[in-house]
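Participant: okay, here's the prediction I keep looking at, along with the sequence it came from:
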Amino acid sequence: MAEERKQLVQQILLQQIEVLLEAENKEELKKLLAEQRSSDIAEIVQLFDNEQRRAVFDVLEKGISAEVLEKVDQATRDEIFDLLDEKELQTIFSELGCDDAADLLAELPEGLSEKVLKNLPSSDAAEIKKLMTYSEDSAGGIMDPMVISVPEDATITEAVNKIRSSEIDEDFYSIFVVDKNGKFLGDIRIRHLLTKQEDMKINELIDPDTIYVTTGTDQEEVRNIFRNNDLIVVPVLDKNHRLVGRITADRIIEVADEEAAEDIYAMAGTEADELEDVSVFRAARIRMTWLLPCMIGTGITSTVLMFFNSKYDLAELAKLYTVAVAFVPMIAAISGNAGLQTSAIVVSGLATGHLAALKLRQVVSREVRVALLVAISCGIIGGLVCAVLLNIRSADKTVQTINLMSAFGTAMFSAIMVATTLGLFLPFLFRKIGIDPAISSGPLVTTANDSISVAIYMTLALILAG
């Protein structure tokens with residue numbers, strides 16, 4: 001009900017904005033947009049053409065423009081970048097925090113990003129450049145460099161005064177404590193500053209077991225640390241253990257969405273880059289990059305079938321081959337899906353940091369037992385289906401129904417076990433060599449499963465039934 005109400009409100013807002021745009025009533029449009037959340041405006045801007053987007057950005061306050069630009073998808077943002085001139089971009093980027101500015105500047109053409117940086121305040125520009133040196137998928141790449149820190153010998157009164165004098169417009173829940181060299185010692189929750197004596201030394205309240213991450217920590221690992229420890233904020237340290245930033249829970253929600261989307265794209269055989277451009281040619285090129293190798297893979301499967309056809313060209317075996325080929329799609333589909341189920345479980349475990357998925361021995365022990373039960377069940381059921389279909393098909397006695405049924409059941413069992421083994425070990429292998437494990441569930445591996453399962457089936461069918 002709440003979702004339906006939200007959609008109705010957005011639909012009404014969309015219609016109101018469209019009416020004002022058509023009437024070119026800028027004053028009323030400005031008033032209407034000033035009353036809306038930036039997230040709602042961003043969703044609507046994504047539905048507009050460039051002319052309408054230009055009109056909307058003409059009346060938006062610069063602070064809201066910056067928030068909208070940050071919240072639209074990348075394809076829309078790239079088009080908006082083309083609509084804005086250098087001065088407008090400079091004004092909008094000056095409204096962004098250094099971490100958000102660094103993320104968006106990385107999407108601009110190099111020459112334009114340098115011009116925008118040059119016109120920003122020197123302190124902000126230096127901070128943004130530093131952030132852009134970190135990998136975008138690391139803790140350094142997603143952190144906010146704005147932190148409040150106090151020396152260990154400060155009092156609570158001095159810490160409170162430091163908070164009051166800090167120019168920070170983000171919510172914060174704790175302050176960090178550093179030594180005279182800037183090295184991180186721990187944090188103190190804000191509630192302690194409100195409940196303890198004003199002259200108490202900060203070092204008496206430090207939590208020495210504060211969880212932290214380093215600038216090189218992968219964002220997926222950071223996400224798992226937040227989830228496993230119910231964190232709201234975590235400090236980020238450099239290689240010398242100096243405090244350089246912080247990551248908050250709201251940023252981790254964005255990271256979780258990004259990681260989930262990347263895994264879905266990889267498993268589907270495409271890339272997140274497809275959303276960076278509205279061009280259908282770009283999208284088609286990205287998809288074909290994955291589909292062409294799959295076409296080659298299916299060609300290998302066809303070659304396997306042709307090999308068996310030429311190998312057994314006697315009249316009786318040719319007839320047997322014709323019957324056996326009819327069941328190839330069933331073998332390929334069932335074994336391929338069984339392998340996909342296993343790899344999906346493993347990939348999900350690796351992505352979420354689930355301990356069972358990080359211990360190969362435990363995963364193998366469980367998944368092999370599951371695969372055995374599935375393979376035996378599918379082998380028996382598949383064999384019976386094969387026998388029934390053969391009897392319905394024809395009364396031709398040259399085809400050895402019992403033998404072919406046994407061959408089919410055995411092949412189904414073997415193909416599922418092989419596919420499950422690939423689905424089990426490939427994610428771990430890919431993770432070991434630095435490749436996204438989600439790719440192991442994609443079309444390339446599925447195609448390899450098809451070729452292997454078909455080869456197993458045809459070999460057993462023509463040997464056992466022939």
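Facilitator: Sure thing, it's come through. Numbering: from 1, shown residues only.
Participant: can we go C-alpha only for contacts and neighbour counts from here?
Facilitator: Noted.
Participant: ok, longest helix in this structure?
Facilitator: Longest helix of the chain, by residue count under DSSP state H: helix 360-393.
Participant: can you pull the contacts of Glu136?
Facilitator: Glu136 makes contacts with Asp103, Ile142, as judged by C-alpha atoms under 8 Å, 6 or more residues apart in numbering.
Participant: quick check: closest non-adjacent residue to Leu105.
Facilitator: Ser113 (5.6 Å; C-alpha to C-alpha, 6 or more residues apart in numbering).
Participant: before we move on, back to that, what average pLDDT does the longest helix of the chain get?
Facilitator: For helix 360-393, mean pLDDT is 78.
Participant: picking that back up, secondary structure element for the residue nearest to Leu105?
Facilitator: In the assignment (DSSP states H and E), Ser113 maps to helix 110-118.
Participant: residues contacting that helix, please?
Facilitator: By C-alpha under 8 Å, 6+ apart, helix 110-118 touches Glu86, Leu89, Gln90, Phe93, Leu105, Ala106, Ala125.
Participant: could you point out the helix or strand that follows that helix?
Facilitator: Past helix 110-118, the next helix or strand by DSSP H and E is helix 122-132.
Participant: with just CA atoms, put that following helix into CSV.
Facilitator: The C-alpha trace of helix 122-132 is given here as CSV (Å, rounded to 0.1, in the frame of the first residue of the first chain):
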residue,chain,number,x,y,z
SER,A,122,42.8,24.8,-3.3
SER,A,123,42.2,22.9,-0.1
ASP,A,124,39.2,21.1,-1.6
ALA,A,125,41.0,20.4,-4.8
ALA,A,126,44.0,18.9,-3.0
GLU,A,127,41.7,16.6,-0.9
ILE,A,128,39.7,15.5,-4.0
LYS,A,129,42.9,14.7,-5.9
LYS,A,130,44.1,12.6,-3.0
LEU,A,131,40.8,10.7,-3.0
MET,A,132,41.0,10.1,-6.7
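Participant: all helices of the stretch 151-300 of the chain, in order?
Facilitator: Secondary structure of the stretch 151-300 of the chain by DSSP state H, counting those that start in this stretch: the helices cover 156-165, 190-195, 219-229, 249-268, 280-311.
Participant: could you tell me the least trusted of those helices?
Facilitator: Among the helices of the stretch 151-300 of the chain, helix 280-311 scores lowest, at a mean of 63.
Participant: contacts for stretch 84-102?
Facilitator: Here stretch 84-102 has contacts from 62-63, 65-67, 70, 81, 112, 115-117, 119-120, 124, 127-129, 131-132, 141-145, using C-alpha under 8 Å, 6+ apart.
Participant: would you mind listing where the protein has pLDDT under the threshold?
Facilitator: Along the chain, segments meeting pLDDT under 70 span 1-3, 167-170, 259-323, 348, 350-360, 390, 392-401, 436-445, 461-462, 464-466.
Participant: now do the domain split for it, please.
Facilitator: The chain breaks down into these domains under automatic domain parsing: 2-138, 149-268, 273-464.
Participant: from the ones you listed, which stretch is densest packed?
Facilitator: Most buried of the domains of the chain, by mean neighbour count (mean count of other C-alpha atoms under 10 Å): domain 273-464, with a mean of 18.
Participant: check contacts around the residue nearest to Phe184 when sequence neighbours are not counted.
Facilitator: Spatial nearest neighbour of Phe184, chain neighbours left out: Val178 (4.6 Å); criterion: C-alpha to C-alpha, 6+ apart. Applying C-alpha under 8 Å, 6+ apart, we find Val178 in contact with Ser149, Val150, Pro151, Glu152, Phe184, Leu185, Gly186, Leu243.
Participant: now do the contacts for the fifth one.
Facilitator: The neighbours of Phe184, taking C-alpha under 8 Å, 6+ apart as the test, are Phe176, Val177, Val178, Leu237, His241, Arg242, Leu243.
Participant: what of the fourth one?
Facilitator: Contacts for Glu152 were tallied using C-alpha under 8 Å, 6+ apart; they are Val177, Val178, Asp179, Lys201, Ile202, Asn203.
Participant: would you turn those residues into a markdown table with distance to Leu33?
Facilitator: Converted to a markdown table, these look like this (distance: C-alpha to C-alpha, whole Å):
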| residue | distance to Leu33 |
| --- | --- |
| Val177 | 42 |
| Val178 | 44 |
| Asp179 | 47 |
| Lys201 | 48 |
| Ile202 | 46 |
| Asn203 | 48 |
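Participant: in strands, which of these appear?
Facilitator: Among those, the members falling in strands (DSSP state E) are Val177, Val178.
Participant: nearest to Ile232, of the contacts of Glu152?
Facilitator: Val177 (17.3 Å; C-alpha to C-alpha).
Participant: tell me what that closest one is bridged to.
Facilitator: Here Val177 sits in beta bridges with Val150, Gly186, as judged by DSSP bridges.
Participant: which residues are in contact with it?
Facilitator: Ser149, Val150, Pro151, Glu152, Phe184, Leu185, Gly186, Asp187, Ile188, Ile202, Ile206.
Participant: the same query, at a cut-off of 7 Å, please.
Facilitator: Counting by C-alpha atoms under 7 Å, 6 or more residues apart in numbering, Val177 touches Ser149, Val150, Pro151, Glu152, Phe184, Leu185, Gly186, Asp187.
Participant: I'd like to know how far the last one sits from Asn240.
Facilitator: Asp187 sits 18 Å away from Asn240, taking C-alpha to C-alpha, to the nearest Å as the criterion.
Participant: all helices of the stretch 1-150 of the chain, in order?
Facilitator: Using DSSP H, counting those that start in this stretch, helices in the stretch 1-150 of the chain cover 2-23, 26-34, 38-45, 50-59, 62-71, 74-83, 86-94, 98-105, 110-118, 122-132, 139-142.
Participant: let me have those helices in JSON lines, extended by distance to Met405.
Facilitator: JSON lines is the format used below for the helices of the stretch 1-150 of the chain (distance: least, C-alpha to C-alpha, whole Å):
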{"stretch": "helix 2-23", "distance to Met405": "52"}
{"stretch": "helix 26-34", "distance to Met405": "69"}
{"stretch": "helix 38-45", "distance to Met405": "57"}
{"stretch": "helix 50-59", "distance to Met405": "62"}
{"stretch": "helix 62-71", "distance to Met405": "58"}
{"stretch": "helix 74-83", "distance to Met405": "53"}
{"stretch": "helix 86-94", "distance to Met405": "69"}
{"stretch": "helix 98-105", "distance to Met405": "59"}
{"stretch": "helix 110-118", "distance to Met405": "64"}
{"stretch": "helix 122-132", "distance to Met405": "62"}
{"stretch": "helix 139-142", "distance to Met405": "56"}
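Participant: from Ala407, how far off is Thr459?
Facilitator: Counting by C-alpha to C-alpha, the gap from Thr459 to Ala407 is 9 Å.
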